[in-house]
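Enquirer: show me how the following folds:
(one chain, ligands or ions: 1)
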Amino acid sequence: MTSNNNTDFLPLHGTDYVEFYVGNAKQAAHFYKTAFGFQSLAYSGPETGNKEKASYVIRQNKLTFILSTPLRPNNEIADHILKHGDGVKFLSLKVDDATDAWHQTTKRGAKSYKEPETLIDEFGEVVISGIHTYGETVHLFIERKNYNGVFMPGFVEWKSAYNPKETGLLYVDHCVGNVGWNQMNVWVKFYEEVMGFKNILSFDDKDISTEYSALMSKVMSNGNGYVKFPINEPAEGKKKSQVEEYLDFYNGEGVQHVAIATNNIIETVSILKERGVEFLNIPESYYKTVLDRVGKIDEDLQPLQDLGILIDRDDEGYLLQIFSKPLQDRPTLFFEIIQRKGAKSFGKGNFKALFEALEREQSLRGNL
Ligand code: FE2
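Expert: Predicted coordinates:
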């Protein structure tokens, strides 16, 4: 290990994009545009010379998603979807130097996914490299400082006549990984040693247990705090942990949820609900005592209760958050919508109410 712990050997400028492998990218792109208000940005597929896959790039503020699907069987993407269903393949990180990011991480033990490659077109160049993380998930390092095209070489601008209004989604706040039994500390060590992250918060099974299911979690953050990866593992409870249900249906470790920031959660969630996005239901009893726990907040309680938005406070302020139901038929990936008003934590005070809501859904699926 290096003895100099003070310099950030892997400076990150946040999430560049999240790429999903899905069964039908055309329909998925339509869903994310319609329901969440993403805008069409770029496209790659057979018409642009890509014979293997079709990819739709959509964007809202600093939030960029790619929906990709294979055009034929017997390839890496088709195998991924067969095994995992729709899910997150790439958590791509913005860097100044993708070659150095690859060298710094692989020399510390990361398994290479992709050696640095320079992609060039008439708008400049993008350098991409990548390393494996938990399950079949990959971190790509994206260097685009010498590029001024619409997305990156290989993609063309996607102009669409259909442009639903945005919903106030701003950027990725954090991305949570679910890993297997006794694997949390393995991946905590990976993020510490290979990527120079720090463990900023920990929750054990006493913090995160309800009558039935339990999990443990540690939050990993990079130096500037732009990239935060909480890592969950299941814990023993009376019945099956929600993390175990995920591992069963995803067929392994993977991304459990992507948390997306907004500046006005009441407005954002109102629009998302109108457009058919489903969220976990929170019992009325939660709202009878929540203000005793969190104290005074700027918002009226009634709209928060009507929408099922949760509230929590830490030393630095408070936060408002809500969790969607799974975004596909398998009970795997979901989204969190979060508005931070000073708080830098993750809603520990809501775990009990949240997990009871999750368990009601898990029970309906016969998996509790
Ligand atoms: Fe979260």
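Enquirer: how about the residues of the stretch 201-350 of the chain near the ion?
Expert: With the criterion set to C-beta under 5 Å from the ion, the stretch 201-350 of the chain comes near the ion through 259, 336. All C-beta atoms are positioned from the backbone trio N, CA, C, and that covers glycine.
Enquirer: hey, where'd the helices end up in the stretch 201-350 of the chain?
Expert: 242-250, 265-274, 284-294, 301-307 (DSSP state H, counting those that start in this stretch).
Enquirer: okay, the last one in CSV with CA atoms only?
Expert: Taking C-alpha atoms only, helix 301-307 is exported to CSV below (Å, rounded to 0.1, in the frame of the first residue of the first chain):
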residue,chain,number,x,y,z
LEU,A,301,-46.5,18.0,6.8
GLN,A,302,-49.8,17.4,4.9
PRO,A,303,-48.3,17.3,1.4
LEU,A,304,-45.5,15.1,2.6
GLN,A,305,-48.0,12.7,4.2
ASP,A,306,-50.2,12.7,1.1
LEU,A,307,-47.2,11.7,-1.1
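Enquirer: now it, how far from the centre of its chain.
Expert: Relative to the chain's own centre, helix 301-307 is displaced by 25 Å; criterion: C-alpha atoms, centre = their mean, to the nearest Å.
Enquirer: what mean pLDDT does it get?
Expert: Across helix 301-307, the average pLDDT comes to 97.
Enquirer: what do you get for stretch 74-92?
Expert: 97.
Enquirer: same thing with stretch 25-35?
Expert: Rounded mean pLDDT across stretch 25-35 is 98.
Enquirer: how far away from the center of its chain is that stretch?
Expert: With C-alpha atoms, centre = their mean, you get 17 Å for stretch 25-35.
Enquirer: same thing with stretch 257-276?
Expert: Counting by C-alpha atoms, centre = their mean, stretch 257-276 comes out at 15 Å from the chain centroid.
Enquirer: tabulate the CA atom coordinates of it in PDB.
Expert: C-alpha atoms of stretch 257-276 as PDB (Å, rounded to 0.1, in the frame of the first residue of the first chain):
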ATOM      1  CA  HIS A 257     -30.900   1.600  -5.800                       C
ATOM      2  CA  VAL A 258     -29.900   4.800  -7.500                       C
ATOM      3  CA  ALA A 259     -30.700   7.900  -5.300                       C
ATOM      4  CA  ILE A 260     -31.500  11.000  -7.400                       C
ATOM      5  CA  ALA A 261     -31.400  14.500  -6.000                       C
ATOM      6  CA  THR A 262     -34.200  17.100  -6.400                       C
ATOM      7  CA  ASN A 263     -34.500  20.700  -5.000                       C
ATOM      8  CA  ASN A 264     -38.300  20.300  -4.600                       C
ATOM      9  CA  ILE A 265     -39.300  16.800  -3.700                       C
ATOM     10  CA  ILE A 266     -43.000  17.700  -3.200                       C
ATOM     11  CA  GLU A 267     -43.200  19.000  -6.800                       C
ATOM     12  CA  THR A 268     -41.000  16.300  -8.200                       C
ATOM     13  CA  VAL A 269     -42.900  13.400  -6.600                       C
ATOM     14  CA  SER A 270     -46.300  14.900  -7.400                       C
ATOM     15  CA  ILE A 271     -45.400  14.900 -11.100                       C
ATOM     16  CA  LEU A 272     -43.800  11.400 -11.000                       C
ATOM     17  CA  LYS A 273     -47.000  10.000  -9.300                       C
ATOM     18  CA  GLU A 274     -49.200  11.700 -12.000                       C
ATOM     19  CA  ARG A 275     -47.100  10.000 -14.600                       C
ATOM     20  CA  GLY A 276     -47.500   6.600 -13.100                       C
END
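Enquirer: the top helix by length along the chain: which residues count as buried?
Expert: Ordering each helix of the chain by length in residues (DSSP state H) puts helix 351-364 first. For helix 351-364, burial by neighbour count (16 or more other C-beta atoms under 10 Å) applies to 351, 353, 354, 355, 356, 357, 358, 359, 361, 362.
Enquirer: now flag whichever of the residues you listed is closest to the ion.
Expert: Nearest to the ion, judged by C-beta to the ion, of the buried residues of helix 351-364 is residue 354 at 9.7 Å.
Enquirer: on that earlier part again, from the contact counts, what lies against the longest helix of the chain?
Expert: helix 242-250, strand 317-323 (3 or more C-beta pairs under 8 Å, 6 or more residues apart in numbering; DSSP states H and E).
Enquirer: can I get these in a markdown table with mean pLDDT?
Expert: Converted to a markdown table, the helices and strands packed on helix 351-364 look like this (pLDDT from 0 to 100):
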| stretch | mean pLDDT |
| --- | --- |
| helix 242-250 | 95 |
| strand 317-323 | 97 |
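Enquirer: to residue 105, which of these lies closest?
Expert: helix 242-250 (24.5 Å; C-beta to C-beta).
Enquirer: report the buried residues of that closest one.
Expert: Buried-residue list, helix 242-250, by 16+ other C-beta under 10 Å: 242, 243, 244, 245, 246, 247, 249, 250.
Enquirer: how about the contacts made by the residue positioned nearest the centre of the chain?
Expert: With distances taken as C-alpha atoms, centre = their mean, residue 258 lies nearest the centre of the chain, 2.4 Å away. Residues near residue 258 by C-beta atoms under 8 Å, 6 or more residues apart in numbering: 18, 88, 172, 175, 176, 333, 335, 336.
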